[in-house]
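Colleague: task: produce atomic coordinates for the following.
(one chain, ligands or ions: 1)
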Amino acid sequence: MEQTFFFVKPEAVRRGLVGIVIQRFEARGLKLKKLAVKQLDKATVEEHYAHLKDKPFFAELVETITDGPVVMGVLEGVDAIKVVRNIVGATNPLEAAPGTIRGDYGTVLPHNVVHASDGPETAEIEIKRFFG
Ligand code: TYD
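Modeller: This is a model prediction of the structure:
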C-alpha cells in the first residue's frame with residue numbers, strides 16, 4: 001500500500017467540485033486516510049511550489065492557491081501515487097484527456113481543479129508539510 005497527498009484548489013472548492021473529486025478517487029478503490037478544509041498561507045504555498053519559483057506564472061499561482069480554502073487529503077491504495085495522477089490528468093486542462101478530472105472539469109491554467117503528489121519523495125514531504 002502506498003499513500004499520496006492531494007488538495008482540491010480554491011477555485012474548484014468555490015465551484016462545488018469537492019464531492020466529485022473525492023468520489024472519483026473512492027470509485028477507483030482509494031481509501032481516504034485524512035481530510036481537512038484549510039486556508040493555506042503564502043509561505044506554505046511558496047514552499048510547496050518552490051520548483052516553479054522562477055516561472056512567470058508563479059505569483060499568480062500562489063495567489064490562486066491562497067485566495068480561499070483548499071480541501072486536502074491523504075489517499076491510500078496500491079500504486080496510489082500513479083493511480084491518482086492518472087485520475088487527475090495532465091497539468092494543462094486543455095491537453096488533459098476527457099475522463100480525467102482536469103480533462104472534465106479544468107478550465108484554463110492555473111485553474112486545473114486539483115493538486116496531487118508526483119512521486120514517492122514528494123508524497124512523503126507533502127503529507128508531512130500539510131498534516132504534520
Ligand atoms: P506542476 O507542478 O508543473 O504540475 P502538476 O500540478 O500537474 O504537478 O505545476 C504546478 C501548478 O502550476 C499546476 O498545477 C498549475 C500551475 N501551472 C501554471 O499555471 N502554468 C503552467 O504553465 C504550468 C506548467 C503550471
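
Colleague: what kind of secondary structure is G16 in?
Modeller: coil (DSSP: H, G, I helix; E, B strand; the rest coil).

Colleague: phi and psi next, for it.
Modeller: Backbone torsions of G16, given as degrees, to the nearest 10, read phi 80, psi 30.

Colleague: can you pull out the strands in this structure?
Modeller: Along the chain, the stretches classed as strands by DSSP state E are 2-8, 31-38, 70-77, 114-116.

Colleague: between those, which one is nearest to H48?
Modeller: strand 114-116 (8.1 Å; CB to CB). (Each C-beta comes from the backbone N, C-alpha and C, glycine too.)

Colleague: against which helices or strands is the closest one packed?
Modeller: Packing partners of strand 114-116 (3 or more CB pairs under 8 Å, 6 or more residues apart in numbering; DSSP states H and E): strand 2-8, helix 80-88.

Colleague: average pLDDT for it?
Modeller: Taken as a whole, strand 114-116 carries a mean pLDDT of 98.

Colleague: return the list of strands paired to it, each annotated with direction.
Modeller: Its sheet considered, strand 114-116 pairs with strand 2-8 (antiparallel) by DSSP bridges.

Colleague: what does the partner strand contact?
Modeller: Strand 2-8 is touched from outside by 17-18, 21, 25, 33, 70-81, 84, 88, 113-117, 120, 123, 126-127, 130-131, with contacts defined as CB atoms under 8 Å, 6 or more residues apart in numbering.

Colleague: show me the beta-bridge partners of the residue nearest to M72 when sequence neighbours are not counted.
Modeller: Leaving out its chain neighbours, the residue that sits closest to M72 by CB to CB, 6 or more residues apart in numbering is F7, at 3.8 Å. Applying DSSP bridges to F7 yields these beta-bridge partners: M72, H115.

Colleague: run a quick neighbour tally on F7.
Modeller: Other residues within reach of F7, judged by other CB atoms under 10 Å, total 23.

Colleague: how about the residues of the chain by the ligand?
Modeller: Residues of the chain that fall close to the ligand, judged by CB under 6 Å from any ligand atom: 52, 57, 61, 91, 109-110, 112, 115, 118.

Colleague: no further queries at this time; thank you.
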